[in-house]
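J.: Sequence first, predicted coordinates after that:
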Amino acid sequence: MTSPSSTADSDAVVLHSTWTGIVMSVLGAFAMAAVTIAVIWTDGWSWYSAVLALVSVALAGVVTFDLPIASEFTAEGVTRRSIGRHHHLEWDEVQRLERLRVGVFRTRRDRAGGGLVARIGHRRYTLVDTIESPLEFDAVRRAMGERAEVLGLTDDLRPKEGSSPTWIYRRRHWRPDSAGGR
């Protein structure tokens, strides 16, 4: 189950983040910018408008350069694609693959229902914001080879049967050959 990729590696697997997560993050950054502009327009520059401006710029930076749209898994590493950059992580750098915690404040440690996260030192890099289908999970493990077990991508992280694939609302280009038409 391979998805087309920009590289010549035929064993690459692409997992996609949800449209809801992407759109809501972008809208949140725009809303914060709009509030900042409104405050500056009405009250002029002050310490609180400067703080709002800094927060707005930080949110725009996160959405542009760190929010993963999709991640491509290969035997060498994973490439996180965001709006403004491609960030490649070599498997040698990654200490562990984990799941995002679920819940309103991401505090539920007893359920692993979120997307994949790569841990490097104390930093956690979100690879996708949603759980993949079991078929995609198996394809990622095949693409990673021996590294999957070493990095913790074991059966206890396997998604439940019936989980939707991450490419379900994407163009036909991203669907694997086995998916057929909709």
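T.: Cool, got the structure.

J.: in what helix or strand does Ala34 lie?
T.: Using DSSP states H and E, Ala34 maps to helix 19-43.

J.: Now do that helix: everything it contacts.
T.: Contacts to helix 19-43, defined as CB atoms under 8 Å, 6 or more residues apart in numbering, come from residues 48-49, 52-53, 55-56, 59-60, 62-63, 67, 69, 129-130, 169. All C-beta spots, glycine's among them, are computed from the backbone N, C-alpha and C.

J.: closest to Asp11 among the residues you listed?
T.: When the contacts of helix 19-43 are compared for distance to Asp11 (CB to CB), Ile69 wins out at 21.1 Å.

J.: Run through the residues that contact the residue nearest to that closest one when sequence neighbours are not counted.
T.: Ranked by CB to CB, 6 or more residues apart in numbering and with sequence neighbours excluded, the top spatial neighbour of Ile69 is Arg81, at 5.1 Å. By CB under 8 Å, 6+ apart, the contact set of Arg81 is Pro68, Ile69, Ala70, Ser71, Glu72.

J.: what do you get if the cut-off is 10 Å, keeping everything else the same?
T.: Ser6, Val14, His16, Ser17, Pro68, Ile69, Ala70, Ser71, Glu72, His87 (CB atoms under 10 Å, 6 or more residues apart in numbering).

J.: Looking at those residues, point me to the pair that's furthest apart.
T.: Ser6 and Ser17 (17.2 Å).

J.: Show the buried residues in the contacts of Arg81.
T.: Val14, His16, Ser17, Pro68, Ala70, Ser71, Glu72 (16 or more other CB atoms under 10 Å).

J.: Which stretches in this structure count as strands?
T.: When assigned using DSSP state E, the strands of the chain occupy the ranges 13-16, 70-73, 77-81, 86-90, 96-99, 116-120, 123-126.
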